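Peer 1: turn this into a structure:
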Amino acid sequence: MNQPSQPPGTSHAKRIAASVASAVLITLTCILVPVSLLTVWVHDIVLDTDRYVSTVAPLASDPAVEQAAAHRITEAADVRIDGSQVTDDLAKWLESQGLPPRVGNAVKALGPQLDSAADSAVNKIATRFVESDRFEKIWTKANRAAHTAVVHALTGQGRGAVEVEGGTVTLNVGEAVEQVKEDLVKAGIKPAEKIPEVNKQMVLFQSDKLAKIRNAVHLLDVLGNWLPVITVLLGAAGVLLARRRRRALVTTALCAAAACLVVAIALVIARRYYLDHLPAEVQSPAAAASVFDTLVRFLRVSLRTAMVLGVVVALGAYLSGAGRLPRGVRGRAEHAADSAVGWGAGHGMHTGSVGTWVEAHRRALTIGVLVVIALVFALWNHPTVLTVLLLVLILLVLLAVLSLLAAGGRSNARSGGTEGR
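Peer 2: A predicted model of the protein is given here:
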């Protein structure tokens, strides 16, 4: 029995539907690639204690942060030698011993210099402290202990060494002040013994947009690590539904790279806007810039990696196509491989049965190599641009080896054919 034939327009309608679906999926993929990188950044840096601490640890030795910390600790220590009172008492004692009033007046004039000398001594010791390993240990310890509060900073809650109030994220420098106090006492500045326990705050970050940032982080937290997987699946489906899959792959890769470029540019603009609108609570713009750059460093690296990867994938897909330039490039590569094999054969080097087998299974081997490289990249923990370039280099080497072995197989076939005649 003959199967009923489909109406003439059915297949055409299916092709149109598939093309539309492909375009929609590819568009979604390009949009979701940078969003996926944001979710990874939130999970692996912002919400992971070990990675967060390792990210902010270098800030303890950043010159701008050291200067801001020394200034804040000096303020917190607040060593007050009441120079005026000391000199007044000394002047009265001198006058009581029969010295003329002008001597007492001269002694009183030393009061401001006495205050300035005390402040200078405190600042010098505070600077020496923040440049030492002790401050780095305190910094790391405080950030590790306070990581929960930093996470809560993005949800509107939190108390501890890091506090959040009115969009301002601050770090308590009380422990650092205590150690500076000990150094001051050891240095012979006795009034430092009277420094009380302090709860002094050093502003790390301030933004009146923190509520909106919290909402965005919550959304990214909900999406979690599934979004990158979903993005890859959507992209693969979009390419498979396309009529010209190779062209669709090139388009997807380039558009995804372009989307990451847009986000990278937006990040630069956001940084400039933030630094240009720092509130009075942030005493050191340089330190604020260092904190901002450190926290988003992983995100920047991820965006650059995605851009380079997109260009590499697009270039590879294009060169595997049927255009004149791709065919010319592949032809030159095959000719170079044949020439190398011919030179080797002239010097007694032959691929033997291995070359014949590789030539017979070259397509499958090439696909296998591509799949392995893709899996290595997918399983690589936080890949960078250098990671992409290294894997591309390894891929090119493996493809070159396959090309040489396949050329040896073709040479064997030609030799066998000649001997058979």
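Peer 1: what about His382, which SS state?
Peer 2: Classification of His382 using DSSP: H, G, I helix; E, B strand; the rest coil returns coil.
Peer 1: show me what contacts it?
Peer 2: 44, 298, 301-302 (Cβ atoms under 8 Å, 6 or more residues apart in numbering). The C-beta positions use only the backbone N, C-alpha and C, and glycine is treated the same way.
Peer 1: 6 Å instead?
Peer 2: Contact analysis of His382 by Cβ atoms under 6 Å, 6 or more residues apart in numbering lists nothing.
Peer 1: look up how far Gly235 lies from it.
Peer 2: As defined by Cβ to Cβ, to the nearest Å, His382 lies at a distance of 21 Å from Gly235.
Peer 1: and if you look at Asn381?
Peer 2: Where Gly235 is concerned, Asn381 sits at a distance of 22 Å (Cβ to Cβ).
Peer 1: mind checking which of the two has more residues around it?
Peer 2: It is Gly235, of Asn381 and Gly235, that has more neighbours when counted by other Cβ atoms under 10 Å, with 22 against 6.
Peer 1: tell me the contacts of Leu278?
Peer 2: Counting by Cβ under 6 Å, 6+ apart, Leu278 has contacts 285, 288.
Peer 1: on the three-state scheme, it is what?
Peer 2: Secondary structure, three-state DSSP: Leu278 is coil.
Peer 1: and it, what's its pLDDT?
Peer 2: We have a pLDDT of 75 for Leu278.
Peer 1: going forward, count from 24.
Peer 2: Got it, first residue is 24 now, which makes that one Leu301.
Peer 1: mind exporting the C-alpha coordinates of the helix or strand hosting Leu263 to PDB?
Peer 2: Of the helices and strands defined by DSSP states H and E, Leu263 is found in helix 249-264. Presented in PDB, the C-alpha positions along helix 249-264 are these (Å, rounded to 0.1, in the frame of the first residue of the first chain):
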ATOM      1  CA  TRP A 249      23.100  25.000  35.200                       C
ATOM      2  CA  LEU A 250      22.900  28.000  32.900                       C
ATOM      3  CA  PRO A 251      26.200  27.300  31.200                       C
ATOM      4  CA  VAL A 252      25.100  23.800  30.300                       C
ATOM      5  CA  ILE A 253      21.700  25.100  29.100                       C
ATOM      6  CA  THR A 254      23.400  27.700  27.000                       C
ATOM      7  CA  VAL A 255      25.600  25.100  25.300                       C
ATOM      8  CA  LEU A 256      22.600  22.800  24.600                       C
ATOM      9  CA  LEU A 257      20.600  25.700  23.200                       C
ATOM     10  CA  GLY A 258      23.500  26.700  20.900                       C
ATOM     11  CA  ALA A 259      24.000  23.100  19.700                       C
ATOM     12  CA  ALA A 260      20.300  22.800  19.000                       C
ATOM     13  CA  GLY A 261      20.300  26.000  17.100                       C
ATOM     14  CA  VAL A 262      23.200  24.900  14.900                       C
ATOM     15  CA  LEU A 263      21.700  21.400  14.300                       C
ATOM     16  CA  LEU A 264      18.400  23.000  13.200                       C
END
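Peer 1: what packs against that helix?
Peer 2: Using 3 or more Cβ pairs under 6 Å, 6 or more residues apart in numbering; DSSP states H and E, the elements in contact with helix 249-264 are helix 31-64, helix 268-299.
Peer 1: hmm, who's touching that helix?
Peer 2: For helix 249-264, the surrounding residues in contact (Cβ under 6 Å, 6+ apart) are 41, 44-45, 48-49, 51-52, 55-56, 59, 62, 268, 271-272, 275.
Peer 1: what residues of it count as buried?
Peer 2: Going by neighbour count (16 or more other Cβ atoms under 10 Å), the buried part of helix 249-264 is 250-251, 254, 257-258, 260-262, 264.
Peer 1: tell me the mean pLDDT over it?
Peer 2: Helix 249-264 comes out at a mean pLDDT of 89.
Peer 1: for stretch 280-291, same thing?
Peer 2: 94.
Peer 1: what's that stretch in contact with?
Peer 2: 53, 56-57, 326, 329-330, 333-334.
Peer 1: same thing but 8 Å
Peer 2: With contact meaning Cβ under 8 Å, 6+ apart, stretch 280-291 is reached by 53-54, 56-57, 60, 319, 322-323, 326-327, 329-334, 337.
Peer 1: and what of stretch 316-334?
Peer 2: With contact meaning Cβ under 8 Å, 6+ apart, stretch 316-334 is reached by 56-57, 60-61, 63-64, 67-69, 78-79, 81-82, 85, 276-277, 279-281, 283-284, 286-287, 290, 294, 400, 405-408, 410-412.
Peer 1: in PyMOL, select just the buried ones from these.
Peer 2: Restricted to buried positions by 16+ other Cβ under 10 Å, the PyMOL selection for those reads:
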select buried, resi 56+57+60+61+63+64+67+68+69+78+79+82+85+276+277+279+280+283+284+286+287+290+400+406+410+411
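Peer 1: so where is the stretch 274-423 of the chain shaky, pLDDT-wise?
Peer 2: By pLDDT under 70, the weakly predicted segments of the stretch 274-423 of the chain are 302-306.
Peer 1: same thing but at 90, please
Peer 2: Applying pLDDT under 90 to the stretch 274-423 of the chain flags the ranges 293, 296-322, 338-379, 381-387, 389-390, 393-394, 397-398, 400-407, 422.
Peer 1: and the helices in it?
Peer 2: Taking DSSP state H, counting those that start in this stretch as the criterion, the stretch 274-423 of the chain contains helices spanning 308-318, 320-342, 347-369, 375-383, 385-402, 408-443.
Peer 1: okay if I get those helices as TSV plus distance to Lys164?
Peer 2: Shown next, in TSV, are the helices of the stretch 274-423 of the chain (distance: least, Cβ to Cβ, whole Å):
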stretch	distance to Lys164
helix 308-318	18
helix 320-342	22
helix 347-369	57
helix 375-383	58
helix 385-402	33
helix 408-443	32
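Peer 1: closest to Arg157 out of the ones you listed?
Peer 2: Closest to Arg157 of the helices of the stretch 274-423 of the chain, according to Cβ to Cβ: helix 308-318, at 19.2 Å.
Peer 1: angle of the closest one against helix 268-299?
Peer 2: Calculated by axes from the mean of the first three to the mean of the last three Cα atoms, to 10 degrees, helix 308-318 forms an angle of 160 degrees with helix 268-299.
Peer 1: just send the helices and strands packed on helix 249-264 back as CSV, with distance to Ala312 too.
Peer 2: Putting those into CSV (distance: least, Cβ to Cβ, whole Å) gives the following:
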stretch, distance to Ala312
helix 31-64, 19
helix 268-299, 6
